Structure formats: structure tokens, C-alpha cells
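>>> I would like the atomic coordinates for the input below:
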Amino acid sequence: MSLYNKYRPYHFSDVAQEHVSRVLKAQIATGNHVSTYLFSGPPGTGKTTLARIMAMALMCEKRIDGESEPDPSSKSSQMIREDRHRDVIEVNCATNGGVNEMRELIAEKMRIQPSMGNYRVFILDEAHMLSTAAQNSLLKIMEEPPKHVVFFLCTTDPHKVLPAIRSRCQHHMLNRVSNTDCKEILQKVVKEESMTAENAALDVIIDASQGSVRTALVILEQVSLIGVTEDNVRAVLGRGPKGLAIDLLKSIGNSNHGEAFRIIKSAHAEGRDLGALLEDASRILMTMAEYRLLKVDKSERDPEIAEMISVFRGPQIVEITNQLLEIANKIRQNVAADLVVQSGLLRIIDRFAKIKEAQAVV
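Modelled structure (predicted):
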């Protein structure tokens with residue numbers, strides 16, 4: 001079993017979406033839940049997980065009135081976790097997005113009374129993938145659903161869901177999971193799995209996951225067998241060593257055209273992702289800005305990054321970061337990535353050198 005499935009939360013309190021969980025818990029505790037929900041947000045942030053927890057709470061035979069959390073040991077909760085509950089129908093709309101599937105998987109089944117509880121729950125994952133005809137069919141179903149039916153629509157793109165459907169749903173918008181919450185989750189998994197993981201490696205995983213816990217756990221599992229070190233994580237992600245980005249920034253700070261050219265030529269020959277290299281350099285520059293603006297204590301600073309703070313002034317940090325990101329964006333539009341990066345870096349160095357000369361004269 002994958003780490004993501006193994007550690008899928010089964011309590012509202014374990015989902016890093018407190019602003020949504022608080023409302024859902026209150027609804028379960030008071031019995032004032034609605035019949036149609038729309039959960040939207042970035043991938044891997046807990047949309048389907050929350051829908052499943054709601055299903056568990058609605059079905060749980062061990063849950064005491066007035067309480068909100070389902071009992072994971074209850075028969076209904078175990079069956080939902082194992083995808084065996086006959087009254088919880090989960091539909092992947094990416095592969096079942098036609099009007100015929102809507103009739104077969106929902107319209108016909110919703111007429112059947114629940115066999116194991118008080119509700120029949122329909123979880124529509126990737127709801128934005130439903131065809132227009134399927135959505136119109138679903139709309140008719142949702143206009144007057146039976147009292148025993150509860151719908152959960154989960155989507156990364158709510159604007160592709162018909163406005164008429166959205167207006168009939170209670171819409172909960174999930175956020176990207178914060179770096180702090182994501183790190184706590186990874187550290188918990190590392191401990192439970194008896195892994196050894198470098199703190200810097202987890203930071204790189206979190207950075208690459210962009211707020212998606214699922215992505216973070218997939219990467220963690222991918223590197224777990226070879227060692228959760230920063231170098232291994234960077235290698236798996238196709239990102240160069242951190243020192244490579246630092247050397248690149250040093251070449252800019254020293255106005256060393258030849259060194260910058262050599263770094264990019266070598267990185268390209270080694271098959272490294274040049275866009276990721278520029279993004280690493282940009283993040284290091286933003287870390288410098290953070291040290292200055294937030295007055296981060298010297299003891300908490302990365303020594304390698306702190307060493308370069310005196311080279312780059314505030315406005316230069318912002319300007320160089322923007323130029324690096326512009327080059328990274330051009331790479332996606334151009335086959336000759338190495339030429340784009342090399343020519344762009346030479347322009348940056350020329351501009352930076354002129355700024356330094358002007359400041360020296362003053």
C-alpha cells in the first residue's frame with residue numbers, strides 16, 4: 001500500500017484544512033448537514049479525504065449524538081476505508097464523465113434505499129471532467145434529491161462546474177497545505193515508518209510538492225529505499241545540488257561570465273533541469289531577502305546563503321530574481337534551453353556589473 005493511502009486521515013482533526021473541518025464537524029454534531037457539497041482546491045489537499053470522512057461520520061454506528069468524529073473501528077468506517085460500503089459510491093468523473101454513466105452510476109442507484117445506514121453517499125471525484133450533458137443530467141438529479149442522498153463533488157477547477165450546480169452546493173474551498181503542516185505530516189510518517197530523513201531533504205520535498213500532501217508522500221516513498229537525503233531527493237526530482245545554484249549566484253555576484261557559462265554548459269551536459277536550477281537560485285535570493293526583511297537571527301541562517309548577503313543589495317535581489325524567472329519561463333517555449341539560459345545569464349551579469357560600477361563611483 002502506498003504511503004499516501006496508508007496515512008490517509010480518518011478524522012477531521014487530522015486534515016490540514018481547519019477552516020473547512022470546523023464547519024463540517026459542527027454540521028455533523030448538530031445534524032444540520034446539507035445534501036450537496038462542493039469541495040474545490042489544488043490537487044492533494046484533502047478534498048476526497050474530507051468527503052470520505054463525512055461519509056464515515058454520517059454512517060458511523062458507534063458515533064454518539066452530539067459528537068462529530070467517526071469511530072475508525074466501526075464496521076461502516078472500516079468498509080468505507082476499504083471501498084466495500086454498498087451505500088458509498090465513489091465515481092471518478094475523469095473516466096466516467098458521460099451522461100450514460102451518470103444515469104447508471106447515480107440516477108438508478110439513488111432510488112434504492114440505504115442498506116446499511118440512513119444515507120446513500122455519492123462522491124464525484126474530478127467533477128469538472130463531467131460532460132455538459134452529464135452535468136445537466138446531474139443538475140436534474142440534484143434539484144430534488146431524496147432525503148437519504150448526499151452528494152460530494154470534488155474538483156480542482158470549480159469554474160468548469162455549471163453555475164446552476166454550484167448554486168445548489170455548499171461550497172468549501174481548500175487551500176494549499178502550509179509548509180509547516182506538510183512538514184509535520186512528513187515527520188510523522190518518517191517516525192511511523194522508522195525512516196531516517198535529513199531535515200533539508202524534507203524541505204526540498206515540501207518545496208517540490210507545492211502544498212500537495214499527496215505529492216509530498218509520493219516523493220518521500222520514492223526516495224525512501226535509497227535514503228531520504230537532500231542529494232537523493234534532488235536527484236530523483238532532477239534538480240541539481242544546492243551548491244550548484246549557489247555557485248551560479250556567486251558567478252553573478254563576481255561578474256564572472258566564464259564561470260556562469262561553464263556551470264550552465266556542464267549542467268546541460270549532465271542532463272539537469274535548467275529551469276529547476278534557476279528556480280533554486282531564485283529561492284536562495286528570496287531567502288536572502290527574508291533574512292534581511294525579517295531580521296532572522298544569524299544562528300538560524302544557512303551559512304552558505306548568509307555568506308552572500310553582502311554581495312547583493314535589496315533592489316538587486318528582486319531584479320535578478322525576476323530576470324531568472326523570466327529566463328525559466330522562456331525555457332518552456334524554446335527547445336534550446338541551454339542557449340536561452342546562457343544568453344540570459346550573460347545579460348544579467350552585464351547589468352549587475354554596471355550597477356556595481358555605478359555604486360562604486362558614488
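
>>> which residues in the stretch 201-350 of the chain form helices?
213-224, 230-237, 242-253, 257-269, 274-293, 303-306, 314-331, 337-361 (DSSP state H, counting those that start in this stretch).

>>> looking at the ones you listed, which is closest to G97?
Each of the helices of the stretch 201-350 of the chain was scored for nearness to G97 using C-beta to C-beta, and the closest is helix 213-224 (21.6 Å). Every residue, glycine included, has its C-beta placed from N, CA and C.

>>> could you check the angle helix 230-237 makes with the closest one?
Per axes from the mean of the first three to the mean of the last three C-alpha atoms, to 10 degrees, the angle that helix 213-224 makes with helix 230-237 is 110 degrees.

>>> now the helices of the stretch 201-350 of the chain in JSON lines, with mean neighbour count, mean pLDDT and distance to A127?
Listed next are the helices of the stretch 201-350 of the chain as JSON lines, based on neighbours: other C-beta atoms under 10 Å; pLDDT from 0 to 100; distance: least, C-beta to C-beta, whole Å:
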{"stretch": "helix 213-224", "mean neighbour count": "21", "mean pLDDT": "95", "distance to A127": "18"}
{"stretch": "helix 230-237", "mean neighbour count": "18", "mean pLDDT": "90", "distance to A127": "30"}
{"stretch": "helix 242-253", "mean neighbour count": "19", "mean pLDDT": "91", "distance to A127": "40"}
{"stretch": "helix 257-269", "mean neighbour count": "16", "mean pLDDT": "91", "distance to A127": "42"}
{"stretch": "helix 274-293", "mean neighbour count": "19", "mean pLDDT": "89", "distance to A127": "32"}
{"stretch": "helix 303-306", "mean neighbour count": "13", "mean pLDDT": "88", "distance to A127": "43"}
{"stretch": "helix 314-331", "mean neighbour count": "17", "mean pLDDT": "86", "distance to A127": "31"}
{"stretch": "helix 337-361", "mean neighbour count": "15", "mean pLDDT": "78", "distance to A127": "37"}
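
>>> export those to TSV and tack on distance to I185?
Shown next, in TSV, are these (distance: least, C-beta to C-beta, whole Å):
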stretch	distance to I185
helix 213-224	6
helix 230-237	16
helix 242-253	23
helix 257-269	32
helix 274-293	22
helix 303-306	26
helix 314-331	29
helix 337-361	34
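
>>> Could you check how far Q316 is from S282?
13 Å (C-beta to C-beta, to the nearest Å).
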